[in-house]
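> What follows is a predicted protein model with its sequence.
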Amino acid sequence: MTTTFVHATEQIERSPAFKFFTLCGLSLLLLIPAYFIWQLVAEREERAENVAREIAQTWGGSQRLMGPFIIVPYEFEETRLVAGEETTVTVRQEAVFLPDDLSVTADASTEVRSRGIFDVTVYTSEIELEGTFASPSRRTVTSEPARFLWTQARLSLSISSPNAIRNAVTLDTDDDSRPFEPGLGRDYHDAAKSDSNHPHTTISAPLAGIHVPDLFEGPPQGFSFTIRLSLNGSDSLFIAPSARDITALINSDWQHPSFTGAALPETSSIDTVEGFSATWRLPHLARTVPVAFTAETSGHLDRLNGNAFGVRFFQPVDYYASVDRALKYAILFIGVAFLSVFVIEMRTGKRVHVVQYVFVGLALVLFYLLLLSLAEHLGFLVAYLIAGSATALLIGSYCARSLESMGYGALVVAVIASMFCILYLFLRLEDYALLAGSIFAFGILAVTMFSTQRIDWSGRDGRKTADAVLTQA
């Protein structure tokens, strides 16, 4: 009885179905080391981002220009109830006047700076702002009696990283040239600005920049202006549409721009050698911000900042993202490799132990670690070729020894190499990766179904032969 039970147990363990489900469980277990490699990819990517931030702190970060605009403080009397008594208080607010028209021209020269093994794209831009201010009028801001302090007016230009300015910036008008001073002339903090009547109109981010104080010596007058700015930055350059009508032109020697923001360029040209040129034109009606408003209660500065448009200096080779995407196909390709060896095993009658499948799976998992480490030094394509070739040859030679056949070893190499070629195709087909992956998985399932159709999954034929041998004995 004991002999029969042991014999039945051995037959179950030797059955193809048991082996198949064991390999399925093994494939899932191999996702555990794959997960740790995915964590390592995230850690290395975070390190690269930290290096980019460190360089941005010294060179200049993502730049966002808003302005110039005229800011004028004004006062008015307001009756309030204090301790049960009506009291007249003087309220001080600030009016913002935008230009009638603004033309921004930016020429950005890029370079790649390295720290250790990490590269960061930075740029130096020469920016010229030309435009016209109409004569500011208090009636465009408020119809209530108010006293505008025109002699305290200032012209402000918001720059996200003013520490990256590399020249002495001046405001050139028709008959005058005046230097800018640090700061906007007033701090705009994220949580400090709100109004009881407009609780949702806070300024959501601190603004920094430069300003020209005491803009008017007497009654305000309209004027034309020119501002030239030499500005360092990294990652991106954005311009807020802070004028009734604005035209912006950005030229750069960067060959891989990514136009983004609230508006795409009206015209653009990209050359793989010379770089790119892009033009934006936004009329007044395309925005929801008037040309004059009260800064504290309107929230229009927020809207201007949020409606910025511009370009990111896109890095075309992001090997961390590529390795991360490749890891998402790990279960599919581990399964394909196991199925290939399993089908060969079933068709040849050669026995491949589960431990040997573990070694094959670990080789496939270590492919991603090898790919990540090589990509940081050699680039993604070269790293992929080296890691893929080494993994395919290792698994193929190991299977040739295990199956005692160079022909089957060469077949495994061909299958693994084809699998890596398909994976690389998936990584390049960003928009169609899901479609290609679905078709590939369906095709693999179909090939597996028909190639294993004649396999005796239960192992009954083997049990009948063994029983006959035992009976004769």
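Yes, it's here.
> Domain ranges for this protein, per the record?
2-46+319-472, 61-313 (automatic domain parsing).
> Dump those domains into JSON lines; add mean neighbour count as well.
In this view, the C-beta of every residue, glycine as well, is placed from N, C-alpha and C. Shown next, in JSON lines, are the domains of the chain (neighbours: other C-beta atoms under 10 Å):
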{"stretch": "domain 2-46+319-472", "mean neighbour count": "16"}
{"stretch": "domain 61-313", "mean neighbour count": "17"}
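> can I get the ones you listed in CSV with distance to residue 55 and mean pLDDT?
Formatted as CSV, the domains of the chain follow (distance: least, C-beta to C-beta, whole Å; pLDDT from 0 to 100):
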stretch, distance to residue 55, mean pLDDT
domain 2-46+319-472, 15, 78
domain 61-313, 5, 84
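> how about those, which one is nearest residue 52?
Residue 52 lies closest to domain 61-313 among the domains of the chain, at 4.7 Å (C-beta to C-beta).
> Show the end-to-end separation of that closest one, please.
In domain 61-313, first residue to last residue: 12 Å (C-alpha to C-alpha, to the nearest Å).
> returning to what we had before: got the domains of the chain as JSON lines, with distance to residue 52 columns?
Shown next, in JSON lines, are the domains of the chain (distance: least, C-beta to C-beta, whole Å):
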{"stretch": "domain 2-46+319-472", "distance to residue 52": "11"}
{"stretch": "domain 61-313", "distance to residue 52": "5"}
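> And those domains: which comes nearest residue 53?
Of all the domains of the chain, domain 61-313 sits nearest to residue 53, with 7.7 Å by C-beta to C-beta.
> chain center to that closest one, what's the gap?
26 Å (C-alpha atoms, centre = their mean, to the nearest Å).
> quick one: residue 130 and residue 165, what's the gap?
As defined by C-beta to C-beta, to the nearest Å, residue 130 lies at a distance of 18 Å from residue 165.
> and the end-to-end length of stretch 232-242?
Span of stretch 232-242 from end to end, C-alpha to C-alpha: 21 Å.
> could we number from 56 for the rest of this?
Let's use 56 as the start, then, which means that last one is stretch 287-297.
> Assess the claim that residue 429 and residue 443 are in contact.
No: the pair residue 429 / residue 443 is not scored as a contact, 10.6 Å apart, by C-beta atoms under 8 Å.
> where exactly do the helices run in the stretch 256-405 of the chain?
350-353, 355-361, 374-382, 385-403 (DSSP state H, counting those that start in this stretch).
> outside of the last one, which residues touch it?
I take that to be helix 385-403. 71, 74-75, 78-79, 81-83, 85-86, 89, 405-407, 412, 415-416, 419-420, 423, 450, 454, 458, 460, 463, 466-467, 470-471, 474, 478, 492, 495-496, 499, 503, 506-507, 510 (C-beta atoms under 8 Å, 6 or more residues apart in numbering).
> residues contacting residue 120?
159, 182, 184, 212-214, 293-295.
> Is it bridged to anything, and to what?
With DSSP bridges as the criterion, residue 120 is bridged to residue 214, residue 294.
> Show residues contacting stretch 225-240.
Under C-beta under 8 Å, 6+ apart, the answer for stretch 225-240 is 123, 126, 209-213, 217, 223-224, 262-268, 278-283.
> Could you list which of these belong to strands?
Those of the contacts of stretch 225-240 mapping onto strands are 123, 126, 209-213, 264-267, 278-283, per DSSP state E.
> Could you give the separation of the longest helix seen in the chain from the chain centroid?
Identified as the longest helix of the chain according to DSSP state H is helix 86-114. Its chain's C-alpha centre and that of helix 86-114 lie 13 Å apart, by C-alpha atoms, centre = their mean.
> so where does residue 142 fall, helix or strand?
strand 140-152 (DSSP states H and E).
> Which SSE is immediately downstream of that strand?
By DSSP H and E, the next helix or strand past strand 140-152 is strand 156-170.
> can you give me the angle the next helix or strand after that next one makes with strand 140-152?
Downstream of strand 156-170, the first helix or strand assigned by DSSP H and E is strand 173-188. Going by axes from the mean of the first three to the mean of the last three C-alpha atoms, to 10 degrees, strand 173-188 is angled at 100 degrees with respect to strand 140-152.
> ok, residue 146 - contacts?
Contacts of residue 146 (C-beta under 8 Å, 6+ apart): 130-133.
> Bridged to it, which residues?
With DSSP bridges as the rule, residue 146 is bridged to residue 131.
> ok, now how distant is it from residue 345?
In terms of C-beta to C-beta, residue 146 sits 21 Å off from residue 345.
> And residue 151, by the same measure?
From residue 151 to residue 345 the distance is 10 Å (C-beta to C-beta).
> Overlap in contacts, these two.
By C-beta under 8 Å, 6+ apart, the residues touching both residue 151 and residue 345 are residue 355.
> need the contacts of residue 120 in a markdown table with distance to residue 115, can you?
A markdown table is the format used below for the contacts of residue 120 (distance: C-beta to C-beta, whole Å):
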| residue | distance to residue 115 |
| --- | --- |
| 159 | 18 |
| 182 | 13 |
| 184 | 18 |
| 212 | 16 |
| 213 | 15 |
| 214 | 10 |
| 293 | 13 |
| 294 | 16 |
| 295 | 18 |
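> Which of those sits closest to residue 99?
Looking across the contacts of residue 120 and measuring by C-beta to C-beta, the closest to residue 99 is residue 293, at 28.2 Å.
> Double-check the closest one against residue 363; I have them as touching.
Yes: if you go by C-beta under 8 Å, residue 293 and residue 363 touch, sitting 4.1 Å apart.
> joint contacts of these two?
119, 316.
> ok, back up a step: could you dump the helices of the stretch 256-405 of the chain to TSV with distance to residue 108?
Output for the helices of the stretch 256-405 of the chain, formatted as TSV (distance: least, C-beta to C-beta, whole Å):
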stretch	distance to residue 108
helix 350-353	30
helix 355-361	21
helix 374-382	16
helix 385-403	30
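> which one of these lies closest to residue 116?
Short answer: helix 355-361, nearest of the helices of the stretch 256-405 of the chain by C-beta to C-beta, at 15.3 Å.
> Show me what the closest one packs onto, helices and strands only.
Here helix 355-361 touches strand 118-137, going by 3 or more C-beta pairs under 8 Å, 6 or more residues apart in numbering; DSSP states H and E.
> for the residue nearest to residue 458 when sequence neighbours are not counted, what are its contacts?
Excluding its sequence neighbours, the residue lying closest to residue 458 (C-beta to C-beta, 6 or more residues apart in numbering) is residue 405, at 4.9 Å. Taking C-beta under 8 Å, 6+ apart as the criterion, residue 405 is in contact with 399, 457-460.
> What does residue 405 show for phi and psi?
phi -70, psi 140 (degrees, to the nearest 10).
> so how far is residue 433 from residue 103?
From residue 103 to residue 433 the distance is 16 Å (C-beta to C-beta).
> I appreciate the help and will end here.
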